[in-house]
Each structure stands twice: as C-alpha cells, then as structure tokens.
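In: Pasting a predicted model and its sequence here:
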Amino acid sequence: LHLSLRRQRQMCIRDRDERRSMNAEVLLQNSVQAFLMHEADLLDRGLFGEWVDLFDENGVYWVPSSPSQEDMRGQVSIILEDKELLKLRAVRLAHPNAHASIPRPSTVHLVANISVTLEGEDVIARSNLIMTIFRNDKENQLSGRVTHKLRRVLNGFRIQLKREDMIQAGGTFSAITVPL
C-alpha cells in the first residue's frame, strides 16, 4: 500500500510538471506569435522607427542572396543592415521627399506557419511570409521563409537576427523599397 501511494504521488507530480511544461510552451508560442504580428503591423502602418526599436542593440536584418547562403559578411546579400543602418533607413523612409515614399507604398504582411524553439537562452521563431506591396498602380508580392532569433526582455522580445530567405532570391524582382 505504501509503494502504491508513493507511485501515485510520483505520477501526480510528473503529470503536474508535464502540464506546466506544456503551458509554458503554449505561452511562449502565443507570445512569439503576438510579437511577430506586432512587427508586421508596424511595417504595414509604415512605423519604421518603431520597427527598428524591436531590434536588439546588436540586432541584424539580413536578406541573403540565396537560401543556402551561410556567410552574411563574405558573400553579397540583398540586404544586410545592423541597427544603425536600420535607423538611417527609417529616417530616409520618413522623409517627405524620399523616392521610395512618393507615393507611399501600401503593404500587407501575412505571417503564417509560426514555429518556436529554444536554443539555450535564445528563442528561434520560424515562419512563412507573403508581403504584398501596392504602389504606382502596381501590385507585387515577395514571399519567403523568415527566421527570427529573439532575446527575451522584460516586456517581450528583441530581435537579434531577422533572416528572410526569399523564394525570389537569385531571380528578378522589383527594388525592395520598404522592409519585408
């Protein structure tokens, strides 16, 4: 009888720990999803300065020239910008005479198939992106797979690395005038 009660108690503790672990995974998934939706909303509303604020001080925004590209510094990339360059881009896009903003493009970012994993202290979010851009009576789409390396902070996350592997990479596409 004593062993049976001990075994039941161990099973209850194990079940409780498994529920806590599952709850933590669900909470992390929901938090990351909300963060990615917030990021997309900032981009769609043209709030590029606030978007840049989502990046860690050493954060990097990278669009490689091919999905197999491993080296961001030793090969040509479509976009490779640290936070300081992102700040300059945001200021440039906010200027009323910026070529990329006359007329201001309308965008819709569709973020889907979000998966979240932990790598040590880092949160890795993988998603698919379809961005539709409408400007000068023309509609274009850019699509790809996105990897965010996130650092947890008090009220959410900061982007350490945002890598966008475009399916159009290596092909012909219109100039990218706004962040993906």
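Out: Sure, I can see it.
In: Let me know the next secondary structure element after the biggest strand by length in the chain.
Out: Longest strand of the chain, by residue count under DSSP state E: strand 138-153. Using DSSP states H and E, the helix or strand that directly follows strand 138-153 along the chain is strand 156-166.
In: Mind giving me the packing neighbours of that next one?
Out: helix 2-44, strand 55-64, strand 122-135, strand 138-153 (3 or more Cβ pairs under 8 Å, 6 or more residues apart in numbering; DSSP states H and E). The C-beta positions use only the backbone N, C-alpha and C, and glycine is treated the same way.
In: Using CSV, please lay out these together with mean neighbour count, distance to E70 and mean pLDDT.
Out: Formatted as CSV, the helices and strands packed on strand 156-166 follow (neighbours: other Cβ atoms under 10 Å; distance: least, Cβ to Cβ, whole Å; pLDDT from 0 to 100):
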stretch, mean neighbour count, distance to E70, mean pLDDT
helix 2-44, 12, 24, 80
strand 55-64, 18, 9, 96
strand 122-135, 18, 16, 94
strand 138-153, 16, 13, 93
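In: Save these as a markdown table, and put in distance to S106 too.
Out: Converted to a markdown table, these look like this (distance: least, Cβ to Cβ, whole Å):
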| stretch | distance to S106 |
| --- | --- |
| helix 2-44 | 8 |
| strand 55-64 | 21 |
| strand 122-135 | 5 |
| strand 138-153 | 9 |
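In: Nearest to A112, out of these?
Out: Nearest to A112 among those is strand 122-135 (5.1 Å), distances taken as Cβ to Cβ.
In: tilt between that closest one and strand 138-153?
Out: Here the directions of strand 122-135 and strand 138-153 differ by 160 degrees (axes from the mean of the first three to the mean of the last three Cα atoms, to 10 degrees).
In: hang on, the earlier thing: off-centre distance for the longest strand of the chain?
Out: Its chain's C-alpha centre and that of strand 138-153 lie 5 Å apart, by Cα atoms, centre = their mean, to the nearest Å.
In: Output it as CSV, nothing but the C-alphas.
Out: Provided in CSV are the C-alpha atoms of strand 138-153 (Å, rounded to 0.1, in the frame of the first residue of the first chain):
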residue,chain,number,x,y,z
LYS,A,138,1.2,48.1,-59.4
GLU,A,139,1.0,45.2,-57.1
ASN,A,140,4.0,43.0,-56.3
GLN,A,141,4.5,40.1,-53.9
LEU,A,142,7.6,39.0,-52.1
SER,A,143,7.5,35.7,-50.3
GLY,A,144,9.8,33.6,-48.2
ARG,A,145,10.8,31.9,-45.0
VAL,A,146,11.8,34.0,-42.1
THR,A,147,13.9,33.1,-39.1
HIS,A,148,13.9,35.4,-36.1
LYS,A,149,16.5,34.9,-33.3
LEU,A,150,14.9,36.6,-30.3
ARG,A,151,16.2,37.6,-26.9
ARG,A,152,13.8,37.7,-24.1
VAL,A,153,13.4,41.1,-22.3
